[in-house]
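> starting from these lines, generate the structure:
(one chain, ligands or ions: 1)
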Amino acid sequence: MPAKFRLGIDIGGNDIKFGATNLEADKILLPDLVKRPSLSAEGPQRTIRQTLDGIKDILISLRGQWPDVATIAVTVPCPCTSDGVIIEATNLGTPETKKLWQAPFGELLAAEVRKVAQVSIPVFACNDANAAGQDDDFARYGQSTSPRTNFFITTGTGLGGCILVNGAVFFGRGQSGELGHVKPAVPAQYAARFAADPNPPCGCGGRQCVEARASLKGLMRRLEWALGRGGISFIEQDLNGRGEELNGNVLAQLSARFLESPQSAA
Ligand SMILES: [Zn+2]
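Numbers count the residues shown, from 1 in each chain. Next comes the predicted model:
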């Protein structure tokens, strides 16, 4: 009979990643993460079915059973309240299925787990950047209660943020720390650059969000623009205006790298 363990699940737009730790959460039990397609475009219920299948894979690997699972912690790539209600499906779903994702995801998953497991397993769902920020704070300060306020930023497909007050995530109404969806004013000297590379719509439906430009996805989009005809001629003019010249070698190298792997070029 295996000892009880905890499950950590990261839901992304494309994949779901699964890991397991011991009860003290200081030992990872599987050397590699289990992965499954999230199928998030089809709505949360489809993703929940994928999640249950992934948990079954973990149970097989650990030779465990559902009652051995002490807790399930799930992260989602969108603003979420402290009790697991997704309030805006920024990086999940399609324009048609986004609305379905604005749901109490933690509760929905807990209900499906209860049906399959025949026992109640606590499920905690939260925003992925909040979880990463909490982990970072714990790694630095442990359980210290010393007064402190920290701001944590993480970049990946999107751009996430987390505010921590005295070691605890400040959730606010679920949107706090969502740096990626802040719409900063553009300083006058950069107005022409911003106008030349128009603001794309963000996953949240807004424009001018930081995430649409500074996330990995945003950087790849901007690089594609910069290496295109319109981008190159704009950069050339911009540099000439400052008495500088475009370095063809740099551009050729960047271009080759972008064709090879846009992600690594960004
Ligand atoms: Zn946004």
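> CA only for contacts and neighbour counts going forward, please
Fine.
> for residue 164, give the beta-bridge partners.
Counting by DSSP bridges, residue 164 is bridged to residue 150, residue 169.
> next, residue 32: secondary structure please.
coil (DSSP: H, G, I helix; E, B strand; the rest coil).
> for it, which non-adjacent residue is spatially closest?
Nearest residue to residue 32 in three dimensions, chain neighbours excluded: residue 19, at 7.7 Å (Cα to Cα, 6 or more residues apart in numbering).
> mean confidence score for the host helix or strand of that neighbour?
Per DSSP states H and E: residue 19 is located in strand 15-22. In this model, strand 15-22 has a mean pLDDT of 96.
> elements contacting the next helix or strand after that strand?
Counting by DSSP H and E, the next helix or strand C-terminal to strand 15-22 is strand 34-37. With contacts taken as 3 or more Cα pairs under 8 Å, 6 or more residues apart in numbering; DSSP states H and E, strand 34-37 sits against strand 15-22, helix 44-61.
> list the helices and strands the last one packs on?
Contacts defined by 3+ Cα pairs under 8 Å, 6+ apart place helix 44-61 against strand 15-22, strand 34-37, helix 105-117.
> rerun at 10 Å
Helices and strands touching helix 44-61, by 3 or more Cα pairs under 10 Å, 6 or more residues apart in numbering; DSSP states H and E, are strand 5-11, strand 15-22, strand 34-37, strand 69-76, helix 98-101, helix 105-117.
> just to revisit the earlier point, which strands or helices does the strand holding residue 19 pack on?
strand 5-11, strand 34-37, helix 44-61, strand 69-76.
> give me phi/psi at the residue in the chain that the ion sits nearest to?
Closest contact between the chain and the ion, by Cα to the ion, is at residue 181 (3.9 Å). In terms of degrees, to the nearest 10, the main-chain angles of residue 181 are phi -110, psi 20.
> about what we covered before: please identify the most buried of the helices and strands packed on strand 34-37.
strand 15-22 (a mean of 20; mean count of other Cα atoms under 10 Å).
> let me know the angle separating it from strand 69-76.
Orientation of strand 15-22 against strand 69-76 (axes from the mean of the first three to the mean of the last three Cα atoms, to 10 degrees) gives an angle of 150 degrees.
> now what about strand 15-22, what contacts it?
Residues outside strand 15-22 that contact it (Cα atoms under 10 Å, 6 or more residues apart in numbering) are 3-11, 27-40, 47, 50-51, 54-55, 57-59, 62, 69-70, 72, 74-76.
> give me the angle between that strand and helix 44-61.
Using the same axes, to 10 degrees: strand 15-22 against helix 44-61 is 40 degrees.
> quick one, helices of the stretch 151-266 of the chain?
191-196, 211-214, 216-227, 229-241, 248-260, 262-265 (DSSP state H, counting those that start in this stretch).
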